[in-house]
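Participant: Sharing a sequence plus its predicted fold:
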Amino acid sequence: MPVARPFRIVATVETIAPRLSILPEKSASRRRRISTEAAIKTFFGSNALVAIVVLALITIFLFREGFGFFGQNLANLRLYRRAGLEYVDIIRAQAEGHAALSRALSDIRLEEVRAHADQATLEKFDQFASGFSDTGEALNGLLSDATDQAVALREAMLRGGQAAGTLTAETSDETAPVAPEINPVEGLAALRATQATFAQIVESMIDKIDSLLGRPPPLTSQDALRAFKRWKTKTRDYLEKLPAASQNLREWDPNKPVPAYRAITTFLFGTAWTTASFWQDWYGIIPLLVGSIMVSIVALLIAVPLGVSGAIYVSEIAAPAEKSLIKPYIEFISAIPSVVLGFFGIAVLGQAVRAFSQLSFMKWVPFFPISERLNVFTAGCLLALMAVPTIFTLAEDALRNVPRGFKEASYALGANRLQTIVRVLVPASLSGIVSAVLLGLGRVIGETMVVLLCAGNRIAIPDFTEGLGAFFQPVHTMTGIIAQEMGEVVRGSIHYRALFMVGLVLFAITLAINYGAQKLVTRYRMSIG
């Protein structure tokens, strides 16, 4: 027995030893696992590299196409001054101010008609309005003559190559008749000679308008009386500015250099976006920026309360059956094409808001009824509908990721459900909620089709003197202007490059929003611990 036991051991070892080939199998499995992990790493790493390369190419392309705008814009501004267009615009501003006052008289007459004024009162008011309108005839005639002279001078400078930069392809029409050759020096001297005529016209206008204001028309409506009082104040201000305009014409110097920074400031702080004009193109981003901000404010004011409160309800209050019904339907909204929402805004929402503003029990609202069915409010409501799924989903995920111990500890200390939600769960998930709101903002400010269809597309800063009524006025946005005009511009023109500069500003705003989101998230995460 003692001898047989070792032999059995040796036999067992000899029998089992050939099966130790599991080591090569493990090595092969490890090699396969490493190769699989390397393939996965390479795949996702290459995707990240492609994303970085594409982002870099887009950035380079935007800067390359956009920054050429400033040189062309500077040449445009220099031509505007040297050709006398700036001089004529001083006269044009006074003519437009007079025309605005004439239109205001028409609005006052409408108030009288609504108050059922008699025919004799209306006739006297019409005589007053006609007399005021006639005081501007000489000014309008002078403006027409000066405009013709400046346009001819501008064409002569373009043909003579006296304007800095390359503007001939986009500032003159090839099909237009060729203007007669004029000497730029003589043409400019003839244009500046209109200053004496303007001074005489100003003196005559002041005397005539003062005489009219001394004999105001009779008015029966209290609203018309208040409006006429405001009109008189504006007219007095207008008359006080006329001598200053005459002084500006005398001091105007066509040879005064235009500093290079004006090419940047006129874009960043300009309040006019005028393209394809026979007179002068202006590329100011302020009206577009204001429109985008106003639409985004309306959208967030609606979407944030709905999205966050919906996420709180589904996460903490709703029954399982309610969750299975509410959550899919809210998330389904994001599947609706934006063009369909735009059509809905045109056909249904805009018309419904305007009809609601015209109801008799809404007369207490100062800016009701509204005349435009496509405005900031209509576009903002539809953008809110598009932002709600994003905010709801991310906020609900943030609430669900709060550790269960937070809630249990709150209940253990005697807090009820509302106290737990407000004082524990929302602060603990605040970083996620803030991220959801900022991503919703990015979704809203980058939307194109809805604002293009429903914002009204009026390139003008709303009248903020109406208070909240400014949110019921048409606007245009940065995304809308790019989508609307990019297909119609000539590649390489100043208009083409101006649209790229708008895209660059939008790109910078998006980066700023993302940077702010990261800072806010980091701050709130640190405060929670």
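Facilitator: That came in fine, so what should we check first? Numbers count the residues shown, from 1 in each chain.

Participant: Okay, now the unreliable bits of the stretch 301-450 of the chain?
Facilitator: Scanning the stretch 301-450 of the chain for pLDDT under 70 picks out nothing.

Participant: mind listing the helices for it?
Facilitator: Secondary structure of the stretch 301-450 of the chain (DSSP state H, counting those that start in this stretch): helices at 320-332, 338-344, 350-357, 376-400, 404-412, 417-420, 426-428, 430-445, 449-454.

Participant: Would you mind finding the most buried of those?
Facilitator: Highest mean neighbour count among these (mean count of other C-beta atoms under 10 Å): helix 449-454, with a mean of 26. (C-beta placed from N, C-alpha, C; glycine too.)

Participant: picking up where we left off before, distance to residue 291 for the helices of the stretch 301-450 of the chain - can I get that in CSV?
Facilitator: Compiled in CSV, the helices of the stretch 301-450 of the chain are given as follows (distance: least, C-beta to C-beta, whole Å):
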stretch, distance to residue 291
helix 320-332, 28
helix 338-344, 16
helix 350-357, 16
helix 376-400, 7
helix 404-412, 43
helix 417-420, 39
helix 426-428, 33
helix 430-445, 11
helix 449-454, 8
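
Participant: can you tell which of these is closest to residue 499?
Facilitator: helix 449-454 (14.0 Å; C-beta to C-beta).

Participant: that older thread, which one, of the helices of the stretch 301-450 of the chain, ends up nearest to residue 509?
Facilitator: helix 430-445 (6.8 Å).

Participant: Can I get the closest one as PDB, trimmed to CA atoms?
Facilitator: Only the C-alpha atoms of helix 430-445 are listed here, as PDB (Å, rounded to 0.1, in the frame of the first residue of the first chain):
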ATOM      1  CA  LEU A 430     -30.300  71.600  -9.700                       C
ATOM      2  CA  SER A 431     -27.200  71.100 -11.900                       C
ATOM      3  CA  GLY A 432     -29.100  68.800 -14.200                       C
ATOM      4  CA  ILE A 433     -32.200  71.100 -14.300                       C
ATOM      5  CA  VAL A 434     -29.900  74.100 -15.200                       C
ATOM      6  CA  SER A 435     -28.300  72.000 -17.900                       C
ATOM      7  CA  ALA A 436     -31.800  71.100 -19.200                       C
ATOM      8  CA  VAL A 437     -32.800  74.700 -19.400                       C
ATOM      9  CA  LEU A 438     -29.700  75.800 -21.200                       C
ATOM     10  CA  LEU A 439     -30.000  73.000 -23.700                       C
ATOM     11  CA  GLY A 440     -33.500  74.100 -24.200                       C
ATOM     12  CA  LEU A 441     -32.300  77.600 -24.800                       C
ATOM     13  CA  GLY A 442     -29.800  76.200 -27.400                       C
ATOM     14  CA  ARG A 443     -32.700  74.400 -29.100                       C
ATOM     15  CA  VAL A 444     -34.700  77.500 -29.200                       C
ATOM     16  CA  ILE A 445     -32.200  80.100 -30.400                       C
END
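
Participant: All further residue positions should be reported with the first residue as 144.
Facilitator: Got it, first residue is 144 now, which makes that one helix 573-588.

Participant: related to what we said a few turns ago, looking at the helices of the stretch 444-593 of the chain, which is closest to residue 390?
Facilitator: helix 519-543 (39.5 Å).

Participant: Can you name every helix or strand that that closest one contacts?
Facilitator: Helix 519-543 sits against helix 429-455, helix 463-475, helix 481-487, helix 493-500, helix 573-588, helix 592-597, with contacts defined as 3 or more C-beta pairs under 8 Å, 6 or more residues apart in numbering; DSSP states H and E.
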